[in-house]
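Student: When you get a sec, could you give me coordinates for this:
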Amino acid sequence: MFAEIITIGDELLIGQVVDTNSAWMGRELNKVGIEVIRVVSVRDRENEITEAVDAAMKRCDIVLMTGGLGPTKDDITKQTLCKYFDTRLVFSEDVFENVKRVLSGRIPMNALNKSQAMVPEDCVVINNPVGSASVSWFERDGKVLVSMPGVPQEMTTVMSEEIIPRLCKKFQTDVIVHRTFTVQHYPESVLAEKLESWEMALPDCIKLAYLPKPGLIRLRLTGRGKDKAVVEELVAREENKLKAILEEDIFDEENALIEVLLGNLLRKKNLSVSTAESCTGGNIAARLTSVPGSSEYFQGGIVAYSNEVKMNLLHVSSETLAAFGAVSEQTVIEMVKGAMNALKTDCAMATSGIAGPGGGTPEKPVGTVWIAVAYKSEIRTMKQEANRGREMNVERACNNAMLMLHELVK
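Tutor: The predicted model follows:
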């Protein structure tokens, strides 16, 4: 069963608002065997909305729309859908009561808010429990179009509580089974070459996707079919073949974030960790503390951007900086030792490099990052090279640091 998502709003197309709705819907629909084959964003223009709806209705059995349902003049989705489905707006007392309930004590009722109770006559109207914009469910020739509010909390609520259960009841969907593996130590092209024979022999109902991230690659096996037991057996068989090929290079089988896996390992071993960051600017610490419960193992971090801070807080020697520079193996070794000593931790990570876009030299070009990790008395280092742009250089360094510590501690 296939679906298409249409998001409406000028703000999406000028980058003022990031479309997180489509990603969420894609994940949740996939869980129930509905595959999103296209996401289309259009402006708040009647002809553009109509063209997108007409094309989607020809391609798919399910069309899901978000946005353009507010009380202001630029919100024209309801009116446009009325024209497309040859119906009209009528006042709904039931929707009006819901609007009053939602706005009660927060926003005064006025003509614009009252207009939210105007709904298409020939559709199923579903009240929005957390917002004033109702949901419209249209059906034509066995196909379904659902128009929902664009506010993420409102969309996720109505999708979870109403839309997905209704879609599952109406349509017979396939079983979709995913297995995701995080692989380390391979560039994407080298990994693809290693897996070529196995990938070419996969059954037609199983597909492989490469999802590269800086420093690692996720592989996703997807099986599709009518019988869940059969699909799961086929996927499990191919999973075992993949593990036999890659062995220890499979870093994770749960599709978890690196910071979660590292945190779980530190918690399991009852270890504490600290960070000393220069070019990554506290990003490693931020990712570690984004995990609930990270206070059990993360003690703190020092962002030592200047040489003075490296010397004063991490006790990097002036002689080391003078002889080798801030971006050097010798400096990150002293930084990681300094973090462990200053914050009294069992292990630590340190980074120092040239993230870019400027600051590079022929000897140390942009993209050069030295990383050190330490566990008790053991220290490992790595020189990260190749410039992928500032943001990716930083993300790659963070990933590499956490991967290195995970490998050292395990």
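
Student: so the closest residue to Ile333 other than its chain neighbours is in which element?
Tutor: On the basis of CB to CB, 6 or more residues apart in numbering, the spatially nearest residue to Ile333 that is not a chain neighbour turns out to be Ala372, at 5.2 Å. (C-beta placed from N, C-alpha, C; glycine too.) Ala372 belongs to strand 369-375 when elements are defined using DSSP states H and E.

Student: do the same with Thr173
Tutor: Thr173 belongs to no helix or strand when elements are defined using DSSP H and E.

Student: Following the chain onward from the lowest-mean-pLDDT helix or strand in the chain, which element is next?
Tutor: Ranked by mean pLDDT, DSSP states H and E, the helix or strand of the chain with the weakest confidence is helix 111-114, at a mean of 84. Following helix 111-114 in sequence order, the next helix or strand is strand 118-120 (DSSP H and E).

Student: Let me see the mean pLDDT of the helix or strand just after that following strand.
Tutor: Towards the C-terminus, the helix or strand next in line after strand 118-120, according to DSSP H and E, is strand 124-126. Taken as a whole, strand 124-126 carries a mean pLDDT of 96.

Student: Could you check strand 124-126 and say which residues are buried?
Tutor: By neighbour count, with 16 or more other CB atoms under 10 Å as the criterion, the buried positions of strand 124-126 are 125-126.

Student: Quick one: distance of that strand to the chain centre.
Tutor: Counting by CA atoms, centre = their mean, to the nearest Å, strand 124-126 is centred 31 Å from the centre of its parent chain.

Student: and if you look at stretch 84-103?
Tutor: Relative to its chain's centre, stretch 84-103 lies at 35 Å (CA atoms, centre = their mean).

Student: Mind jotting down where the helices sit in the stretch 51-200 of the chain?
Tutor: Using DSSP state H, counting those that start in this stretch, the helices found in the stretch 51-200 of the chain span residues 77-84, 93-103, 111-114, 152-158, 164-170, 188-200.

Student: So for Ile126, which of those sits nearest?
Tutor: When the helices of the stretch 51-200 of the chain are ranked by proximity to Ile126, the top entry is helix 152-158, at 6.6 Å, counting by CB to CB.

Student: which SSE is the most far-flung residue of the chain relative to its centre in?
Tutor: With CA atoms, centre = their mean as the measure, the chain has its most outlying C-alpha, relative to the mean C-alpha position, at Glu319: 43.7 Å. Glu319 belongs to helix 318-324 when assigned by DSSP H and E.

Student: Which pLDDT value belongs to Asn312?
Tutor: Confidence at Asn312, expressed as pLDDT, is 97.

Student: Equivalent analysis for Val39, please.
Tutor: Among the per-residue scores, Val39 shows a pLDDT of 97.

Student: Identify the bridge partners of it.
Tutor: Beta-bridge partners for Val39, by DSSP bridges, are Ile5.

Student: which residues touch it?
Tutor: Val39 makes contact with 4-7, 19, 22, 26 under the criterion CB atoms under 8 Å, 6 or more residues apart in numbering.

Student: Can you tell me which of those residues are buried?
Tutor: In the contacts of Val39, the ones that pass as buried (16+ other CB under 10 Å) are 4-7, 19, 22.

Student: what mean pLDDT does the helix or strand following the helix holding Glu319 have?
Tutor: The first helix or strand that comes after helix 318-324 along the chain, using DSSP H and E, is helix 329-343. Rounded to a whole number, the mean pLDDT of helix 329-343 is 98.

Student: Could you pull out the buried residues of helix 329-343?
Tutor: For helix 329-343, burial by neighbour count (16+ other CB under 10 Å) applies to 330-340, 342-343.

Student: what number of residues lie near Glu277?
Tutor: As a burial measure, Glu277 scores 26 neighbours (other CB atoms under 10 Å).

Student: Just the pLDDT for it.
Tutor: Spelled out, the predicted local distance difference test score at Glu277 is 98.

Student: thinking again about what came up before, extract the CA atoms of the least confident helix or strand of the chain and return them as CSV.
Tutor: What follows is the C-alpha trace of helix 111-114 in CSV, where atoms were taken according to Å, rounded to 0.1, in the frame of the first residue of the first chain:
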residue,chain,number,x,y,z
ALA,A,111,-14.8,35.7,14.1
LEU,A,112,-11.5,34.2,12.8
ASN,A,113,-11.5,31.5,15.5
LYS,A,114,-15.2,30.8,14.9
